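Q: Using only what follows, build the 3D model:
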Amino acid sequence: MAKEIERPLPQNAEMEQALLGAILSGHKQTVEVLDLVRPEDFFFRPHVVIAKTILKLNAEGTKLGLVSVHDTLSVAGELESAGGIAYVAELANTRALSCDILYSVRGLRRMAAFRQAVHLAENIKDLALEQSGSVEELLDSAVEKFGYLAREIENTEDDGATYFDSASEALAIARQGARLKIYTDIDMLDQWTGGFREQELVVLTAETGTGKSLLAAQIRARACRDGYHALFCSGEMSKSHLASRELASVSGVQPIRMRRDDLLDKEDLAALVEATAHQCKKCRILDGELSLTRIRRAARKMKTRTGLDLLILDYDELIEAEGKTEFEQQRVIARAAKSFAKELACVVILISQLRKTTAGEDAGKPTLQRLYGNAAKQKFASFIILADRPYVRELQGDEKEAELQLLKSRDGKTGRIKAKFNTRSLRFEQAEEAHVGTWRDYSVPEEND
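A: Take a look at the predicted model:
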């Protein structure tokens, strides 16, 4: 294992930190994790030392925690090898109590297996070049070792859950209400969806310039008011541009004045100062060049530090991903977005373009087939929502006229919702003629209930 490899070996420091921190913080899945995890699943030396100590204490029946791990490391003279007291303490502060850490165990085990496969292959190559022994013995040994590695991976893969356990979980959610519900602030749409839940992928699509990013920002703002925090990843706009839109919406200052500072008066500036003071200090923006690796790293870090309930990816064509063709890259991005939702136990909103219309297609009657890129988006999404503004398509008519089309709903109704676009607040609102009565989340009791 000490042989030098030219390319970096598979590893993920943030995932290792999050897993150890979750164990030290008393994650609900700790017992299951300790039955699966091994020191060799970790790549970084301090994490290997800490993992060995945790497993030793667990085998002895000692209660796990920062104090017991620290004391054991100190007595064994391994505290410095574990990164020092400050590093171990920081791990315990890395709280990832709402994440599925079994997912992290499987991820680390797969990376460890890849590392072992690399070293096995290097060893076999050396033996073959040296012509050591017979070819038959060499190949039989290789098959046996790789077969053992494959069986080890199979033992950690998820083997599903019984229908009884699954039904019990569904019943508990029905009784108590889902932990996470993300709303759009558009009453009828929220009725039809019941709110977006953890592990769900929502695709927002529209023609260029319709307001996809604005709708996503609107959903983020509502989620924040409800106590749910978001990471908005934008490859299109800078963080200051996104923030200026938010400030315009909250302060009531006309959006054009945010670009024409010569038009701002004292009242505008006072309103902007007030709006800035009330901006969330937990929701975050990730701008610039985006890759799946960078997004994953930032999302995991936010999840463990302050919590993450909503991840917005704006937009798919601007995210770097593997794939020989654009369609392959789109498939990778859609699969990764769904994977983020599961791993981080959050809602993921993926913003996507519409494919240009061809001869005979009516732009006003879009179908799922017009969703840009690979069909994987249709497969993985729980909801697909299209925002339509005829003014944007035709450059004539009422600039405020809008419609929201729920093209896919995995569990419920699809259809069109009459809406309007507020050009001053940059928000989508439900049109009066679409109103069907006041609706609220009945999982939250009111005083008279």
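Q: so Asp388 sits right up against Ala206, yeah?
A: Yes - if you go by Cβ atoms under 8 Å, Asp388 and Ala206 touch, sitting 6.7 Å apart. Where you see a C-beta, it was placed from the backbone N, CA and C, and this is true even at glycine.
Q: who's more crowded, these two?
A: Ala206 (26 against 23; other Cβ atoms under 10 Å).
Q: Grab the nearest non-local neighbour of that one.
A: Leaving out its chain neighbours, the residue that sits closest to Ala206 by Cβ to Cβ, 6 or more residues apart in numbering is Ala387, at 4.2 Å.
Q: Let me see the confidence value for the one you found.
A: According to the prediction, Ala387 has pLDDT 95.
Q: Which neighbouring elements make contact with the helix or strand hosting Ile385?
A: Ile385 is part of strand 383-388 when elements are defined by DSSP states H and E. Packed against strand 383-388, as judged by 3 or more Cβ pairs under 8 Å, 6 or more residues apart in numbering; DSSP states H and E, are the following elements: strand 201-206, helix 212-225, strand 401-409.
Q: Restrict the first one to CA atoms and write it as CSV.
A: This points to strand 201-206. Output of strand 201-206 as CSV, limited to C-alpha atoms (Å, rounded to 0.1, in the frame of the first residue of the first chain):
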residue,chain,number,x,y,z
LEU,A,201,-35.6,16.5,-6.8
VAL,A,202,-37.6,19.4,-8.3
VAL,A,203,-36.8,20.6,-11.9
LEU,A,204,-37.7,24.2,-12.7
THR,A,205,-37.7,25.0,-16.4
ALA,A,206,-38.8,27.9,-18.7
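Q: sec struct for Gly373, please.
A: At Gly373 the chain is in coil, as set by DSSP: H, G, I helix; E, B strand; the rest coil.
Q: quick one, what contacts it?
A: 316-317, 326-327, 330-331, 334, 352 (Cβ atoms under 8 Å, 6 or more residues apart in numbering).
Q: switch the cut-off to 10 Å
A: Counting by Cβ atoms under 10 Å, 6 or more residues apart in numbering, Gly373 touches 316-317, 326-331, 333-334, 352-353, 355.
Q: From Arg331, how far off is it?
A: 8 Å (Cβ to Cβ, to the nearest Å).
Q: still on that earlier bit, now the common contact residues for Asp388 and Ala206.
A: In contact with both Asp388 and Ala206: 354, 366, 402, 404-405, using Cβ under 10 Å, 6+ apart.
Q: tell me the two of those that are most distant?
A: Spatial extent of the shared contacts of Asp388 and Ala206 (Cβ to Cβ) is set by the pair Leu354 and Ala402 at 15.2 Å.
Q: Which neighbours in the sheet does the strand holding Ile385 have, and how are they oriented?
A: Using DSSP bridges, the strands paired with strand 383-388 are strand 201-206 (parallel), strand 401-409 (antiparallel).
Q: Could you export the ones you listed to a markdown table, including columns for mean pLDDT and distance to Met188?
A: Below are the strands paired with strand 383-388 laid out as a markdown table (pLDDT from 0 to 100; distance: least, Cβ to Cβ, whole Å):
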| stretch | mean pLDDT | distance to Met188 |
| --- | --- | --- |
| strand 201-206 | 95 | 16 |
| strand 401-409 | 94 | 8 |
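Q: Including distance to Leu138, could those strands go into CSV?
A: Formatted as CSV, the strands paired with strand 383-388 follow (distance: least, Cβ to Cβ, whole Å):
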stretch, distance to Leu138
strand 201-206, 46
strand 401-409, 53
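Q: Any idea which of those gets closest to Ile312?
A: strand 201-206 (8.9 Å).
Q: What segments of the stretch 301-449 of the chain are strands?
A: Per DSSP state E, counting those that start in this stretch, the stretch 301-449 of the chain carries strands over the ranges 310-314, 319-320, 347-353, 383-388, 401-409, 415-422, 427-430.
Q: my read: Val31 touches Ile101, true?
A: No - counting by Cβ atoms under 10 Å, Val31 does not reach Ile101; the two are 11.3 Å apart.
Q: Can you pick out the residue with more neighbours from these two?
A: Ile101 (26 against 9).
Q: Pull the number of nearby residues for the closest residue to that one other than its chain neighbours.
A: Nearest non-adjacent residue to Ile101, counting by Cβ to Cβ, 6+ apart: Ala22, 4.8 Å away. Neighbourhood size, Ala22 [other Cβ under 10 Å]: 25.
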